[in-house]
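[1] Next one to model:
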Amino acid sequence: MIRLLLWLCLLLLTVPAQAALEASVDRTRLVEGETLELTLETEAANRFAQPDLSALEEHFDIRNSRQLSLVSQLDGRTQPVTRWVISLMPKRTGFVVIPPLRLDELVSQPISLQVLTAGEAARDNTAQMAPIFIDAEVDTETPYVQAQVLLTLRVYHSVSLYDDSTLTGLDIPDARVESLGGPRNYERLINGIRHGVIEVRYAIFPMRSGALEVPSQLFTATTMPSRTADSTIARGRLVQVRSPGITLQVRPIPPDYPPGAPWLPATDVSLSQAWQPDPGLDLLAGESLTRSFTIQAVGLNASQLPELSSLAGGTLAGLREYTDQPLLENLVVDGGIGGLRQDSAALLVQQPGTFQLPPIRLYWWDTAADALRETQLDAVELNVMSSQSFVASPAPTAVAASEDIVIAPTLLYWQLATALLGMAVLVCLWLLWRTRRALEALRNPYQDEEIFDEEVQGNPLTDLQSACRSNQPGEARKALEIWARQQDSDGLIGLTHQHPELAEALDELNACLFGQADHPWRGKPLWRAVRMVVQSGKRQAEHAEPELESLYPRV
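    Modelled structure (predicted):
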């Protein structure tokens, strides 16, 4: 009997207190458009149980809900706790009641809220705002497809925060998101209370038309401890606030946009060009010009800007265009993303005549004015003259000697001395010529041997060797430029400064290409110069390798 009574007493002591569903909010007074967090907590629910939130849908928008499993310590006893944190936005202003919520057999208590309008909050200096809240705004809610949308997130805090604050990354399906720099910090006075502001901006580019949801972002921070009225220091706590979600209605490309033109929705687009040399001057056949196009756009990425060409995708007899790699650059400007694209090309004029380059038209859509714009570069006319127009003037005609002038029969001494001096000069010139030939033989050790190697597939010198073997100057020039860019960052300019023999061979190649030589081009001298450059590089590499130390020490 005594054992039974002791067992009943022990059972009564171990029975937990009546579990309840406790409800609390982070604030009871807020301004319209703001969200608040409702917290439901109980010790009796299992992890699979979910509260019934259908009663909230009448007066609130449920933005987010998350469940936490915690462990509490009370009087030395460990008790599991289940907590739900629900983000709510009131649908109307005035006094709003959070109704009782049910979890199985448990019911929470109702909570009264006061939702102020923006005008009431501005007139009421005593309005108590949350110590930390976040706001989100976009510059437009009806953008065009592939057009930039500026999203600005501002976190307001009237309490001090530690440096561990974080903001979840923005990831939107069917859209490209780019961050516009790091967070910006400043202060703002709201209802007489100074708030710190953390501002973060994003550029969003929708990739398809229709409804596009910009998800809410979660801001997490730890408040610094503050001193209360009774001189005690309150502990810092972890705070999480979530920004409101935004729905964008993305519009398709307008029907009146020119068909076939690249789609460029931006707030500003500028187009410029640069020439070297000036195209207004008279040119000679065989000369080349360099033309550069520069496109700058606000609200577009550099990868969205189109490629521009002087021939506009067509061909022009007697004129060839060699394009270079484009320069792409993205900048962060006040209007968001600023894209820059620069296309450069060399124009080679192969024959004399007049060449008319077509105008360059660039269509774009002004998203600020919602109108079609056009930027244009005028047509350019090139006047090319034949290189044979610049010939030397004929030698003056010798005047016939008068019959009255009679050549003296006697040979004067000074005439004999002049003849001897002329013979001596000729002998010196002949000796100099022989010496130069000898020096050239020393400088070109591969002159008398076969200079062409076996072709190796994948070797960058294969195309150059084939072009030199078949004496094709055009193909040799292309292959030489590709090989030179691999050897030196400055290309042909850098190699010719280091190797004079290559510069001489390049001059002969250019003279043949541009019509300045009256004999066919031979590729053997160019390949010999390239071989000398390769051998020189190998010798420098061998001298640069450090010698291995001996395995045995020197005594």
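[2] Once you drop chain neighbours, what's closest to S470?
    Excluding the flanking residues, the one nearest S470 by C-beta to C-beta, 6 or more residues apart in numbering is G523, at 7.4 Å. (Glycine included, C-beta is placed from N, CA and C.)
[3] Run through the helices of the protein in chain order.
    Applying DSSP state H to the chain gives helices spanning 2-14, 118-123, 413-443, 461-469, 473-487, 492-498, 500-513, 524-544.
[4] and N64, how many neighbours?
    15 (other C-beta atoms under 10 Å).
[5] Tell me how far the residue lying closest to it once chain neighbours are set aside lies from E307.
    Among residues not flanking N64 along the chain, S87 sits closest, at 4.2 Å (C-beta to C-beta, 6+ apart). Separation of S87 from E307 (C-beta to C-beta, to the nearest Å): 47 Å.
[6] Then S270?
    Plainly put, S270 is 17 Å away from E307 if you go by C-beta to C-beta.
[7] hang on, the earlier thing: could you dump the helices of the chain to JSON lines with mean pLDDT, distance to A44 and mean neighbour count?
    Formatted as JSON lines, these follow (pLDDT from 0 to 100; distance: least, C-beta to C-beta, whole Å; neighbours: other C-beta atoms under 10 Å):
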{"stretch": "helix 2-14", "mean pLDDT": "47", "distance to A44": "16", "mean neighbour count": "9"}
{"stretch": "helix 118-123", "mean pLDDT": "64", "distance to A44": "39", "mean neighbour count": "13"}
{"stretch": "helix 413-443", "mean pLDDT": "82", "distance to A44": "98", "mean neighbour count": "10"}
{"stretch": "helix 461-469", "mean pLDDT": "84", "distance to A44": "80", "mean neighbour count": "20"}
{"stretch": "helix 473-487", "mean pLDDT": "83", "distance to A44": "74", "mean neighbour count": "18"}
{"stretch": "helix 492-498", "mean pLDDT": "80", "distance to A44": "80", "mean neighbour count": "16"}
{"stretch": "helix 500-513", "mean pLDDT": "82", "distance to A44": "88", "mean neighbour count": "18"}
{"stretch": "helix 524-544", "mean pLDDT": "81", "distance to A44": "79", "mean neighbour count": "15"}
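[8] outside of stretch 250-265, which residues touch it?
    Stretch 250-265 is contacted from outside by 142-148, 206, 208-212, 297, 299-300, 304-306, 362-365, 367, 372, using C-beta atoms under 8 Å, 6 or more residues apart in numbering.
[9] Which of S87 and E307 has more residues huddled nearby?
    Regarding S87 and E307, a neighbour count based on other C-beta under 10 Å identifies S87 as having more, with 22 against 12.
[10] Isn't that one up against S65?
    Yes - taking contacts as C-beta atoms under 8 Å, S87 lies within contact range of S65: 7.3 Å.
[11] circling back: and the residue nearest to N64, what are its bridge partners?
    E37, N64 (DSSP bridges).
[12] Same question for L372.
    W365.
[13] closest to I172 out of the helices of the chain?
    With C-beta to C-beta as the criterion, I172 lies closest to helix 118-123 of those, at 28.5 Å.
[14] just to revisit the earlier point, among the contacts of stretch 250-265, which lie within strands?
    Among those, DSSP state E puts P206, G210, A211, L212, A297, L362, Y363, W364, W365, L372 in strands.
[15] Taking those, tell me the two that lie furthest apart.
    With distances taken as C-beta to C-beta, the most widely separated pair in the ones in strands among the contacts of stretch 250-265 is A211 and L362, at 31.3 Å.
[16] So for those two, which residue has more residues nearby?
    Taking neighbours as other C-beta under 10 Å, A211 and L362 compare with L362 leading, 21 against 8.
[17] How are the strands of the stretch 251-400 of the chain distributed by residue range?
    Taking DSSP state E, counting those that start in this stretch as the test, the strands found in the stretch 251-400 of the chain are 265-266, 268-276, 283-284, 288-298, 319-323, 327-333, 336-349, 353-357, 360-366, 371-377, 380-385.
[18] Neighbouring strands - and their directions - for the first one?
    Applying DSSP bridges to the sheet, strand 265-266 is found paired with strand 360-366 (parallel).
[19] The longest one too?
    Each strand that pairs with strand 336-349, with its direction, by DSSP bridges: strand 288-298 (antiparallel), strand 319-323 (antiparallel), strand 327-333 (antiparallel).
[20] Next, format those strands as a markdown table and append mean neighbour count.
    Output for the strands paired with strand 336-349, formatted as a markdown table (neighbours: other C-beta atoms under 10 Å):
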| stretch | mean neighbour count |
| --- | --- |
| strand 288-298 | 20 |
| strand 319-323 | 15 |
| strand 327-333 | 13 |
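[21] Which among the contacts of stretch 250-265 count as buried?
    Buried by 16 or more other C-beta atoms under 10 Å: 143-148, 206, 209, 212, 297, 299-300, 304-305, 362-365, 367, out of those.
[22] Out of the strands paired with strand 336-349, which is closest to L426?
    Of all the strands paired with strand 336-349, strand 288-298 comes closest under C-beta to C-beta, at 42.4 Å.
[23] Can I get the closest one as CSV, trimmed to CA atoms?
    The C-alpha trace of strand 288-298 is given here as CSV (Å, rounded to 0.1, in the frame of the first residue of the first chain):
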residue,chain,number,x,y,z
SER,A,288,44.3,50.3,-94.7
LEU,A,289,42.1,52.3,-92.3
THR,A,290,40.9,51.4,-88.8
ARG,A,291,37.3,52.2,-87.8
SER,A,292,36.0,51.8,-84.2
PHE,A,293,32.3,51.9,-83.1
THR,A,294,31.4,52.6,-79.5
ILE,A,295,27.9,51.9,-78.1
GLN,A,296,27.0,53.1,-74.6
ALA,A,297,23.6,52.2,-73.0
VAL,A,298,22.1,52.9,-69.6
